[in-house]
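Novice: Okay, sequence plus prediction incoming.
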Amino acid sequence: MKIYTKTGDKGDTSLAVGGRVRKSNKRLEAYGTADELNSYVGWLRAKIVAKSPIWHIVVDEQLAWVQNRLFDVGAILAGANMEVTEDAVCQLEKWIDKMQAELPELREFILPYGDEMVSVCHVCRTVARRLERNIVDWCDTEERALPDGVIRYVNRLSDYCFVLARWIGKEEKIVPNFWKK
C-alpha cells in the first residue's frame with residue numbers, strides 16, 4: 001500500500017464520515033491539533049524514558065494511556081462513532097489529585113521553564129488549550145453540539161499537563177520560575 005494517494009494535492013481531503021472538505025476546514029484544524037498534541041506527548045515520553053528517573057515507568061504508562069485517548073479524540077472529531085467516557089476524565093483527575101497532594105500550594109503564577117521534560121509538559125498544556133479552542137470554534141461555526149466528553153477530557157488533560165510539569169520539576173529538584181510583576 002502506498003502512503004500517498006494524491007487525492008489531497010488540490011487542498012481538500014476526505015472525512016471519515018464521507019465527503020470532502022478543504023484542508024483549512026475547522027474540523028480538520030481541530031483533529032490536526034489533537035494529532036499535534038499526541039506528537040508532543042510522544043516527545044515527552046521519549047524525554048522521560050531517555051532520562052530514566054525512578055518515577056519514569058508510572059508516568060510513561062500514564063502518557064501512553066493519554067496518547068490512546070487523544071487518538072480517540074481525533075477519531076471522534078474525524079467523525080468516528082465513539083466517545084470519550086467520563087471514566088477517562090475521572091482517570092486524569094485521579095492522577096492530578098495524586099500528584100497535587102505531593103506539591104506545595106501554588107500561590108503565584110509560574111512561567112514555563114525547567115529542564116526539557118518540564119518545558120515539553122508546558123507545550124502539551126498549551127496545545128491542549130488550543131485544541132479546546134479549535135473544537136469549540138468548529139462546533140460554534142457548524143452550529144453543532146460539542147462531542148460528548150471530549151471537551152471535558154481535553155480541558156482536564158491541560159490541567160494534568162500543568163500539574164505534571166510541576167510534579168516533574170519537584171522530582172527533578174527544579175526551582176519553579178515564578179512570574180515577577
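Specialist: Ah, there it is. Residues are numbered from 1 along each chain as shown.

Novice: Just give the number of residues close to Arg166.
Specialist: Using other Cβ atoms under 10 Å, Arg166 is surrounded by 21 other residues. All C-beta atoms are positioned from the backbone trio N, CA, C, and that covers glycine.

Novice: Now do the same contact list for it.
Specialist: Met99, Leu103, Leu106, Ile110, Pro176 (Cβ atoms under 8 Å, 6 or more residues apart in numbering).

Novice: which residues make contact with stretch 66-75 from outside it?
Specialist: 16, 31, 34-35, 37-38, 41-42, 45, 82, 84, 88, 92, 131, 150, 153-154, 157, 160.

Novice: Which residues are in contact with Leu125?
Specialist: To be clear, residue 125 is Arg; Leu isn't right here. Here Arg125 is in contact with Ser158, Cys161, Phe162, Ala165 (Cβ under 8 Å, 6+ apart).

Novice: The second one - how many residues pack around it?
Specialist: So the one you mean is Cys161. 27.

Novice: and if you look at the third one?
Specialist: Under the neighbour criterion other Cβ under 10 Å, Phe162 is assigned a count of 22.

Novice: what about the strand or helix carrying it, average pLDDT?
Specialist: Taking DSSP states H and E as the criterion, Phe162 maps to helix 150-171. Across helix 150-171, the average pLDDT comes to 96.

Novice: Paired strands for whichever helix or strand comes after it, with orientation please.
Specialist: The first helix or strand that comes after helix 150-171 along the chain, using DSSP H and E, is strand 177-178. Strand 177-178 has its sheet partners listed here by DSSP bridges as strand 110-111 (antiparallel).

Novice: In contact with Lys170: list those residues for me.
Specialist: Glu102, Leu103.

Novice: Give me the phi and psi for Asp12.
Specialist: phi -130, psi 170 (degrees, to the nearest 10).

Novice: Just the pLDDT for it.
Specialist: At Asp12, the pLDDT recorded in the model is 86.

Novice: residues making contact with stretch 12-26?
Specialist: 7-8, 11, 27-28, 75, 78-80, 134, 137-138, 141-142.
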